[in-house]
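Novice: take a look and give me a structure for this.
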Amino acid sequence: SIIIQLTMAVAGYAVGTWIAPRWHRTHSLTAAEYITGRLGVKTQKTYTYIFLAVSVFTTGSFLYPVAKIVEVTTGIPLTTAIFALGAFSMVYVALGGLRGVVVTDVLQFVILFAAVVIAVPLAFDKIGGVGTFFELFEGEYTPGFVIAFAIYNMFFLGGNWAYVQRYTSVKTERDSRKTGWLFGVLYTISPILWMLIPMIYRVYNPSLSGLENEGAYLLMCKEAMPDGLLGLMLGGMIFATASSLNATLNISAGVVTNDIFKRMRPDASEKTLMNVARISTWGFGIMAIIVALLIRSMGGIVNVVISVAALTGVPVYLPVIWSLFSKRQTARTILSATFISLAINLIFKFVTPHFGLALDRTWEMIVGTAVPVILLAGIEVVLKAKEFIAPEYMAYISERNVRMRQENAGDTEESKRTDRFTQKVLGI
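Specialist: Numbering: from 1, shown residues only. Purely as a prediction, here's the structure:
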C-alpha cells in the first residue's frame, strides 16, 4: 500500500517539473478555457462532457470513504452518512467556492498530520513492535502495476481539471512548479503515516476480509487511541477527505457555469451565473450521492477507483497535456487518441472477458496507460515527418500573445468583495 501511494510523490515531482509550468504559460484560468483556445469550442465541449461524466464517479468515490469513516466510528448507517455528508458538502461549496476548498485543505492537513504522527506509534504498541509485515510487492500489485500506476498518477495530477486550476491560479510559473513539488514532498511522507495504521490492523486482526478491509484504519485507531485524540482525528479525516469531494464539486459547477451556460447566455448577469453554479453544485452532489450508494454493489471502493483510473484516466488527460508540448497535434488527432483509447479499454473491460480474455489488475492498468501513449507518439512521429504545424496552434499562440498584453494583474473591487464574503463564511 505504501509503495502504491508513493507513486503519487513521483507524479507530483514530475508534474511540478514539466507539466505545471506549461499550464501556467497558457494564461488560462481553467483547462476548459485552454482547450477552447488551443483546440476549438467543439473539442472543449466534448472534453467537458467526458470530464463531467467521469467526475460523477470521482466525486462519489470521494464521498463514500468519508461516510465509511462516520459509520465505523459512530455506528451511523452508511446510507444516512452518505446523504448527510453529501448535503453538507454541497452547501459548503455553494458558499465557499475554490477558496473554501483550499483553506480547508491546509487547515485539515495540519490537524491530521499531528494526529497521525501520534497514532502510528500507538498502533505499533498494540502489536508489540514493528514486526515483519513489509513487502515491496504483493499479489496483483506487481512491479508492472506500480509503474503503470505512477504514470497514470502523473497524467491525472497534470491533467485533472481540479488540479489544473491550482497551477494556473498562482502568480508566477515558479509558484506553479512549487505547487507540484509540494504535492510530491507531502506524498513522500504521508503514505508512510497513513498506510501503516491499516497495515498494522491486518496483523492485529488477520481475520479481516472482503469489504471489511475498508474500515481497517478507523478500527485500529479505535483500539489504540484515547477518545479525545480519536475525536480530533475523526473530525480531521472527515473534513480533509471531504475537501477532495468539495474540490471536484467546485470545478464541475464552474465548468457548467462558465464553459457551458455562459457560452449559451453570454449576456447573463453575475447573479444568474451564481445561481447556475449553485444549482450545478446541487445537481452533481445528488449524482455523487447516488454513485456512493452503489459502490458496495460495484465491488468496493478500491475496485471502483482503480477501474475508473485504468479505463478513463490516461485517455482523457494525456491528449490535452500532450497538446501543451506539441505544435503539431490538432483537435482531430487529440480527440481520436482519446476515443480510440477509451474504446480499447472498454472492450478489454466488458467484452473480451466473455470470450475468455480477462485482464488482471496489472494488465488492465498497463493497457489503460500504454495505449494512449503509443497512439499519440505515433501521430506525433507521422506529423513531424510531414513537417506539419497545426493551424489551430498558430492561431492560439497569436491570440494568447494579445491576451497577455491586455491582462490586468490587479484585483477588481468585485473580486475583493467576494474574497471578504468567502472569508466570513469560512470563519463561521
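Novice: now do stretch 196-215, average pLDDT.
Specialist: Averaged across stretch 196-215, pLDDT comes to 77.
Novice: what about it, distance to the chain center?
Specialist: 26 Å (Cα atoms, centre = their mean, to the nearest Å).
Novice: where does the prediction get shaky in the protein?
Specialist: Confidence mapping of the chain against pLDDT under 70 gives the ranges 92-109, 111-112, 129-135, 210-212, 237, 239-244, 246, 407-428.
Novice: how close does the residue nearest the centre of the chain get to W363?
Specialist: Closest to where the C-alpha atoms of the chain average out (Cα atoms, centre = their mean) is N160, at 6.1 Å. Between N160 and W363 the computed distance is 24 Å (Cβ to Cβ, to the nearest Å). Any C-beta I mention is one placed from the backbone N, CA and C, and that applies to glycine too.
Novice: got it, and T36?
Specialist: Taken as Cβ to Cβ, the span from T36 to W363 is 36 Å.
Novice: which one of the two has more residues nearby?
Specialist: When neighbours are counted by other Cβ atoms under 10 Å, T36 comes out ahead of the other of T36 and W363, with 21 against 18.
Novice: hmm, Q44 and that one touching each other?
Specialist: Yes - under the criterion of Cβ atoms under 8 Å, T36 makes contact with Q44 at 4.2 Å.
Novice: now do the shared contacts for these two.
Specialist: D259 (Cβ atoms under 8 Å, 6 or more residues apart in numbering).
Novice: and the helix or strand hosting N345, how far from the chain's centre?
Specialist: Assigned by DSSP states H and E, N345 belongs to helix 331-346. Centre-to-centre, helix 331-346 and its host chain are 21 Å apart (Cα atoms, centre = their mean).
Novice: also stretch 328-343?
Specialist: 22 Å.
Novice: ok, now stretch 141-157?
Specialist: 14 Å.
Novice: identify the residues contacting it?
Specialist: Outside stretch 141-157, the residues touching it (Cβ under 8 Å, 6+ apart) are 3-4, 7-8, 10-12, 14-15, 19, 137, 163, 180, 183, 309-310, 313-314, 317-318, 321, 361-363, 365-366, 368-370, 373.
Novice: put the alpha carbons of that stretch into CSV.
Specialist: Once non-C-alpha atoms are left out, stretch 141-157 reads as follows in CSV (Å, rounded to 0.1, in the frame of the first residue of the first chain):
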residue,chain,number,x,y,z
TYR,A,141,0.0,-5.3,-7.2
THR,A,142,3.1,-6.2,-9.2
PRO,A,143,6.0,-4.0,-10.3
GLY,A,144,4.3,-3.6,-13.6
PHE,A,145,1.1,-2.3,-11.9
VAL,A,146,3.1,0.1,-9.7
ILE,A,147,5.0,1.6,-12.7
ALA,A,148,1.8,1.9,-14.8
PHE,A,149,0.0,3.5,-11.8
ALA,A,150,2.8,6.0,-11.4
ILE,A,151,2.5,7.1,-15.0
TYR,A,152,-1.3,7.3,-14.6
ASN,A,153,-0.9,9.5,-11.5
MET,A,154,1.4,11.9,-13.3
PHE,A,155,-1.2,12.4,-16.1
PHE,A,156,-4.0,12.5,-13.6
LEU,A,157,-2.4,15.2,-11.4
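Novice: for that stretch, buried residues please.
Specialist: For stretch 141-157, the neighbour count (16 or more other Cβ atoms under 10 Å) marks 141-142, 145-157 as buried.
Novice: need the max-distance pair from these.
Specialist: Using Cβ to Cβ, the two most remote members of the buried residues of stretch 141-157 are T142 and L157, lying 22.5 Å apart.
Novice: out of the buried residues of stretch 141-157, who's nearest S252?
Specialist: Of the buried residues of stretch 141-157, the one sitting nearest to S252 (Cβ to Cβ) turns out to be F156, at 16.1 Å.
Novice: what about burial for the contacts of stretch 141-157, which qualify?
Specialist: When the contacts of stretch 141-157 are checked against 16+ other Cβ under 10 Å, the ones flagged as buried are 3-4, 7-8, 10-12, 14-15, 19, 163, 180, 183, 309-310, 313-314, 317-318, 321, 361-363, 365-366, 368-369, 373.
Novice: out of those residues, which sit inside helices?
Specialist: Judged by DSSP state H, the buried ones among the contacts of stretch 141-157 include 3-4, 7-8, 10-12, 14, 163, 180, 183, 314, 317-318, 321, 361-363, 365-366, 368-369, 373 as members of helices.
Novice: any idea how far T179 lies from V170?
Specialist: The value you get for T179 to V170, if Cβ to Cβ is used, is 6 Å.
Novice: what residues does E223 make contact with?
Specialist: E223 touches A123, K126, Y201, Y204, counting by Cβ under 8 Å, 6+ apart.
Novice: run the last query once more with 7 Å
Specialist: Each residue near E223 by Cβ atoms under 7 Å, 6 or more residues apart in numbering is listed here: K126, Y204.
Novice: and A377, helix, strand or coil?
Specialist: helix (DSSP: H, G, I helix; E, B strand; the rest coil).
Novice: re earlier: more neighbours: which of T179 and V170?
Specialist: Between T179 and V170, counted using other Cβ under 10 Å, T179 has the larger neighbour count: 20 against 15.
Novice: for stretch 300-313, measure first residue to last.
Specialist: From its first residue to its last, stretch 300-313 covers 19 Å (Cα to Cα, to the nearest Å).
Novice: and stretch 336-351, which residues are buried?
Specialist: A337, T338, S341, L342, I344, N345, F348, K349.
Novice: same question, stretch 301-313
Specialist: I301, V304, V305, I306, S307, V308, A309, A310, L311, T312, G313.
Novice: which residues touch the closest residue to the fourth one other than its chain neighbours?
Specialist: I take that to be I306. Of all residues not flanking I306 in the chain, R361 sits nearest, at 6.6 Å (Cβ to Cβ, 6 or more residues apart in numbering). Listed by Cβ under 7 Å, 6+ apart, the contact set of R361 reads E140, F145, I306.
Novice: if anything else comes up later, I'll come back, but that's it for now.
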